[in-house]
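Engineer: got a predicted structure here, sequence first:
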Amino acid sequence: MKKKVIVIGGGIAGLSAGVYALRCGFDVTVLESHSIAGGNCTSWKRSGYLFEGGMHWLTGSSKKEPIYKMWRTVGALNDSIQIHCSEPFIEYDYEGTPIRFYRDVDTTEKHLISLSPEDAKEIKALCNNIRKVKNLAMPVTDLRGVKVTKKTRPPISLLFSAISAMRTMGSFSKISRDEYVGRFVHEGLREMLRSLTNEKTGVLPLFFTMGALARGDGGFPEGGSLPFVGRIVDTFQSLGGELLLNTRGDRVIVENEKAVGVMVNGKNMPADAVIITSDTMSIDRLFDTPPKAPWLEAMHAVTEPTMAIFLSLGIKADLKKYHKGLVFKLQQPISLANQKHEYLSVNNYASDPVYSPEGKTAITIILDGDTYDFWKKAKEENRYVDEKQKLAGVVIEALSKLVPEIEGQVEVCDVATPLTYERYCSNWKGSWMTEMTPSMKMKSYPAAIKGLSGVYFAGQRMMPPGGLPVALMTGRTAVQYLCRDTGTLFVSEE
């Protein structure tokens, strides 16, 4: 008989683990507490508009990327899926003058120097740093000791790229965001760089993001999150997997230091192994005795949540003349809790017919920052809805001054707070990634705990800073641990 595997969590990590486990011959059931699969990779419909709440660009969308094969294996991407690579990637409006970052580094360099010749030296240094990390793609490797149908080895060129990138990381890990921004003379360029970075993480994330785009990655799959997840679900179910929605895994049943099942609604679902893909920062609830491991302690010690408010608008106006990625400086900063927002970061979906009716536009404004406690207190004091409406009113008024087509044309407004993501995705503090500070080590946590047999872990926390590619890769890794422990052959990507 096939060994039974239960996966707790139907996000990208859980579905990835499910597909790989099925390919390796296991009998798999995925438990998802929400009414749809996908976890953080999600979007929602409101009065004819579709608001994107998860995917904004995808690592591995390019066929040249190592993990592209993994996206194909789980069914998320195929030759018929159109990948949009908007240009420019981001545009900052400086007093009516557009300042742009293009996917092509040379184009970015020429554009910025034409705007600010006095900054030519620093602009060239900025673009050279992007070039240094340009070829640092996410490697795909196999777990030591697992038997595989085809070994996966990173190309030697990736090693040299990693060495170059590590030197860049080392030199910038000690430089603050403000210190770096202060090197530039042009006020608009300083403002743009400030708007695209933050003091905690510094400027390194910007280099790596632009590096990924420069090598042709970071596209946006047609239709966004919902069809992307739907294709993975179709693959999972076509392989014989069982997806149980609205079903919460309450507790992992452990006997003699081995997982033997999962308690669901008071009933025992027997299993030979359990893969936990729900947020690893909140797994204590799944065990009578919380698991202990050095790597879990290390994770809890260093993990800081990345969270945001997603404010989405359905607008009765065609905004195709504006680029997809937009940043505006506010005439008056918006204050919320302990956060002060000087800029508005806007994703404009006017050119994608999936997101809005003809002649109309869906946009999403992302307000970064830890506002969890503010929203939690507002909920407890029955001010939650009022606070969301008040914030929406302030943002709409501010944005209308910057984009006049919006004034008086907002048909739908939707505010998703960290509490929203906590409620629907069961994320720790409603966070959707981990803050990657310059001093934080880029490493993966083990997918198992010594002394606890048959339990494996996957998900965004297992490899900071997280995100969709990490969820995909850690689902695969968890199954490799499972295969190694059970002497099962791991079926590699084609």
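Structural biologist: Okay, I see it.

Engineer: please count neighbours and contacts with C-alpha atoms only from this point.
Structural biologist: Will do.

Engineer: ok, which stretches of the stretch 1-150 of the chain are strands?
Structural biologist: Assignment of strands within the stretch 1-150 of the chain using DSSP state E, counting those that start in this stretch yields the ranges 4-8, 27-31, 43-46, 49-52, 83-84, 90-94, 97-101.

Engineer: now do the third one, average pLDDT.
Structural biologist: Okay, so that is strand 43-46. Per-residue pLDDT values across strand 43-46 average out to 94.

Engineer: buried stuff in that strand?
Structural biologist: Using 16 or more other Cα atoms under 10 Å as the test for burial, strand 43-46 gives residue 43.

Engineer: which helices and strands does that strand pack with?
Structural biologist: strand 49-52 (3 or more Cα pairs under 8 Å, 6 or more residues apart in numbering; DSSP states H and E).

Engineer: direction included, what does the strand it packs on pair up with?
Structural biologist: strand 43-46 (antiparallel) (DSSP bridges).

Engineer: kindly export the strand it pairs with (C-alpha atoms) in CSV.
Structural biologist: Below are the C-alpha coordinates for strand 43-46, written out as CSV (Å, rounded to 0.1, in the frame of the first residue of the first chain):
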residue,chain,number,x,y,z
SER,A,43,-6.5,37.8,-5.2
TRP,A,44,-10.2,38.6,-4.7
LYS,A,45,-13.1,39.9,-6.8
ARG,A,46,-15.2,42.9,-5.8
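
Engineer: who touches it?
Structural biologist: Under the criterion Cα atoms under 8 Å, 6 or more residues apart in numbering, residues 50-54, 225-226, 412 lie in contact with strand 43-46.

Engineer: ranges for the strands of the stretch 151-300 of the chain?
Structural biologist: Taking DSSP E, counting those that start in this stretch as the criterion, the stretch 151-300 of the chain carries its strands at 220-221, 242-244, 251-255, 258-264, 267-270, 273-276.

Engineer: distance between the first one and the chain's centre?
Structural biologist: Right, strand 220-221. Chain-centre distance of strand 220-221: 13 Å, with Cα atoms, centre = their mean, to the nearest Å.

Engineer: same for it, what does it pack against?
Structural biologist: Partner elements for strand 220-221 (3+ Cα pairs under 8 Å, 6+ apart): strand 83-84.

Engineer: what's the strand it packs on packed up against?
Structural biologist: Here strand 83-84 is seen to pack against strand 220-221 when contacts are counted using 3+ Cα pairs under 8 Å, 6+ apart.

Engineer: please save the CA atoms from stretch 129-144 in CSV.
Structural biologist: Taking Å, rounded to 0.1, in the frame of the first residue of the first chain, the C-alpha atoms of stretch 129-144 are listed here in CSV:
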residue,chain,number,x,y,z
ASN,A,129,26.3,46.7,-8.6
ILE,A,130,23.2,45.5,-10.3
ARG,A,131,25.3,43.9,-13.0
LYS,A,132,27.4,42.1,-10.2
VAL,A,133,24.3,40.3,-8.9
LYS,A,134,22.5,40.0,-12.3
ASN,A,135,23.4,36.3,-12.8
LEU,A,136,22.7,35.2,-9.2
ALA,A,137,19.7,33.0,-9.9
MET,A,138,18.2,30.8,-7.2
PRO,A,139,20.0,27.5,-7.3
VAL,A,140,18.2,24.2,-7.3
THR,A,141,20.0,21.4,-5.5
ASP,A,142,19.3,17.9,-4.1
LEU,A,143,19.3,16.9,-0.5
ARG,A,144,22.4,14.9,0.4
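
Engineer: just the buried residues of that stretch, please?
Structural biologist: Using 16+ other Cα under 10 Å as the test for burial, stretch 129-144 gives 129-138, 140, 142-143.

Engineer: state the mean pLDDT of that stretch.
Structural biologist: Regarding stretch 129-144, the rounded mean pLDDT is 89.

Engineer: next: stretch 211-231.
Structural biologist: Along stretch 211-231, the predicted confidence averages to a pLDDT of 95.

Engineer: ends of that stretch, what's the gap?
Structural biologist: End-to-end span of stretch 211-231 (Cα to Cα, to the nearest Å): 28 Å.

Engineer: circling back: most neighbours among the contacts of strand 43-46, please name it.
Structural biologist: residue 51 (27 neighbours; other Cα atoms under 10 Å).

Engineer: can you give me the neighbour number for the closest residue in space to residue 286 that isn't next to it in sequence?
Structural biologist: Using Cα to Cα, 6 or more residues apart in numbering and skipping residues adjacent in sequence, the residue nearest residue 286 is residue 251, 4.2 Å away. Look at residue 251: counted by other Cα under 10 Å, it has 20 neighbours.

Engineer: got it, and residue 149?
Structural biologist: Around residue 149 there are 11 other residues, counting by other Cα under 10 Å.

Engineer: how near is it to residue 483?
Structural biologist: Using Cα to Cα, we find residue 149 at a distance of 12 Å from residue 483.

Engineer: can you pull the residues that touch both of those two?
Structural biologist: Taking Cα under 8 Å, 6+ apart as the contact definition, residue 149 and residue 483 share the neighbouring residues 489-490.
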